[in-house]
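[1] turn this into a model:
(one chain, ligands or ions: 2)
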Amino acid sequence: MPVQKVIYDTDPGVDDAMALFFLHYHPDIDLIGITTGHGNASVEITTRNALYLEQRFGIAAPVARGAAGPVTGQDAHHASGVHGENGLGEVELSGDIDVQAVDLPAHRFIIETVRRYPGEVRLLAVGRMTNLALALREDPGIAGLVKDVVIMGGAFGYNGHLGNVTPCAEANIYGDPQAAEEMFAARWPISVIGLDVTHEVLMSRDYLQRLAAEAGDAGRFTWEISRFYENFYINKGLAGISVHDASAAIYLVAPELFETRTGPIKVVCDGLAFGQTIQRPAHVGFPPNEWDGRPAHRICTAVKGRELLALYRETLLRAG
Ligand code: BDR
Ligand code: CA
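    Ligands and ions are numbered 1, 2, ... in the order given. This next block holds a predicted model:
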């Protein structure tokens with residue numbers, strides 16, 4: 001596979017950091033920018049975390065700080081119960097950070113970079129979709145200029161998965177449904193890696209212990225930051241941690257590990273089902289409805305979990 005130019009839109013975040021390691025160490029990925037947003041913690045904290053990770057792991061991509069809250073102007077709420085108050089599992093992040101964010105807001109960084117490399121940029125978005133929606137509002141033309149968009153977010157009922165913050169909403173969509181609705185309305189190809197597949201793959205304690213032993217500083221750091229996160233999942237009765245953001249990163253280079261379904265997608269922006277994602281399957285006929293005229297996107301419905309875990313591990317071993 002030729003080397004892929006990727007902008008990583010993220011809210012680090014324990015699993016965001018784990019996905020970042022995959023992007024950094026995979027030989028077919030050229031990480032050309034990191035844009036941050038509100039989500040697992042405030043945008044101040046997620047930006048600090050992105051810069052910390054860059055410095056500690058020698059990642060050179062420019063970092064652009066993004067939106068502090070949803071496009072509606074409502075207050076952001078953060079997932080500190082899952083990722084810790086500092087977003088990285090309460091692990092102490094010692095030392096000064098010498099790298100700085102660029103002097104451009106995230107959405108403008110996205111616009112400028114997409115326009116610099118027309119047809120080449122893949123946007124990987126694993127936080128709330130606010131930066132993508134703001135970029136589209138300012139410059140709708142970028143939709144025709146990106147190579148594609150890959151997101152971690154949403155849930156469509158496959159394998160019984162419908163939500164993780166409410167019975168029908170996934171966290172990245174719930175945190176800014178309006179932004180997601182605008183993103184899905186745009187005519188750029190989107191692949192959605194939702195809970196349907198990310199809740200089907202678990203990293204066990206053994207798996208993480210092996211990473212700690214074999215994958216150098218990235219493996220050890222993954223082990224440390226995942227203690228708090230693992231506790232959250234074990235308390236939910238799971239046998240390990242769900243592989244959310246790293247699954248989306250892996251999709252970039254190994255889409256053959258996933259089964260998909262296409263069709264236009266809408267997001268519920270108010271009421272009881274706030275944050276729910278609903279796809280109208282392309283192969284089913286319906287009377288006229290609100291999905292008419294919207295572009296078809298791809299959702300993932302099944303995943304080869306064992307192969308995905310092997311690819312993640314193999315890639316991180318390059319850090320060892
Ligand atoms: C998503 O929410 C965040 O907590 C994770 O980083 C992931 O992107 C899972 O619902
Ligand atoms: Ca995330």
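
[2] now the helices for the stretch 51-200 of the chain?
    80-83, 106-116, 130-138, 171-174, 177-185, 195-198 (DSSP state H, counting those that start in this stretch).

[3] would you turn those helices into a markdown table with mean neighbour count?
    Just so you know, the C-beta spots here come from the backbone N, C-alpha and C atoms, and that holds for glycine as well. Putting the helices of the stretch 51-200 of the chain into a markdown table (neighbours: other CB atoms under 10 Å) gives the following:
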| stretch | mean neighbour count |
| --- | --- |
| helix 80-83 | 18 |
| helix 106-116 | 21 |
| helix 130-138 | 24 |
| helix 171-174 | 26 |
| helix 177-185 | 23 |
| helix 195-198 | 27 |
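
[4] ligand 2 is nearest to which of these?
    Distance to ligand 2, taken as CB to the ion, is lowest for helix 171-174 among the helices of the stretch 51-200 of the chain, at 6.3 Å.

[5] list the contacts of that closest one.
    39, 79, 126-129, 151-154, 163-166, 180, 267, 274-277 (CB atoms under 8 Å, 6 or more residues apart in numbering).

[6] quick one: the residue of the chain most remote from its centre and residue 280, what's the gap?
    What lies farthest from the middle of the chain is residue 287; by CA atoms, centre = their mean that is 33.8 Å. Taking CB to CB, to the nearest Å as the measure, residue 287 falls 11 Å from residue 280.

[7] mean confidence for stretch 215-228?
    Averaged across stretch 215-228, the pLDDT comes to 97.

[8] and residue 95, what pLDDT?
    For residue 95, the pLDDT comes out at 89.

[9] so does the helix or strand of the chain with the lowest mean pLDDT get close to ligand 2?
    Among the helices and strands of the chain, helix 80-83 carries the lowest confidence by mean pLDDT, DSSP states H and E, at a mean of 91. No - figure legend: helix 80-83 not in contact with ligand 2 (CB under 5 Å from the ion); closest approach 8.6 Å.

[10] list the contacts of that helix.
    13, 14, 40, 41, 87, 89, 228, 229, 232.

[11] what does the protein have sitting close to ligand 1?
    Residues of the chain that fall close to ligand 1, judged by CB under 6 Å from any ligand atom: 13, 15-16, 40, 79, 82, 126, 152, 164, 170-172, 244-245.

[12] convert stretch 270-283 to CSV, retaining C-alpha atoms only.
    In CSV, the C-alpha atoms belonging to stretch 270-283 read as follows (Å, rounded to 0.1, in the frame of the first residue of the first chain):
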residue,chain,number,x,y,z
ASP,A,270,-32.8,16.2,20.2
GLY,A,271,-35.2,14.2,22.3
LEU,A,272,-34.8,10.8,24.0
ALA,A,273,-32.6,9.4,21.3
PHE,A,274,-30.2,12.4,21.3
GLY,A,275,-27.0,11.3,19.6
GLN,A,276,-28.3,8.1,17.9
THR,A,277,-26.9,7.3,14.5
ILE,A,278,-29.3,5.7,12.0
GLN,A,279,-28.3,4.5,8.5
ARG,A,280,-30.8,3.7,5.8
PRO,A,281,-29.4,0.6,4.2
ALA,A,282,-28.8,1.2,0.5
HIS,A,283,-30.3,-2.2,-0.5
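
[13] and the longest helix along the chain, how far out from the chain middle?
    Among the segments of the chain that qualify as a helix by DSSP state H, the longest is helix 216-235. Taking CA atoms, centre = their mean, to the nearest Å, the mean C-alpha location of helix 216-235 is offset from the chain mean by 18 Å.
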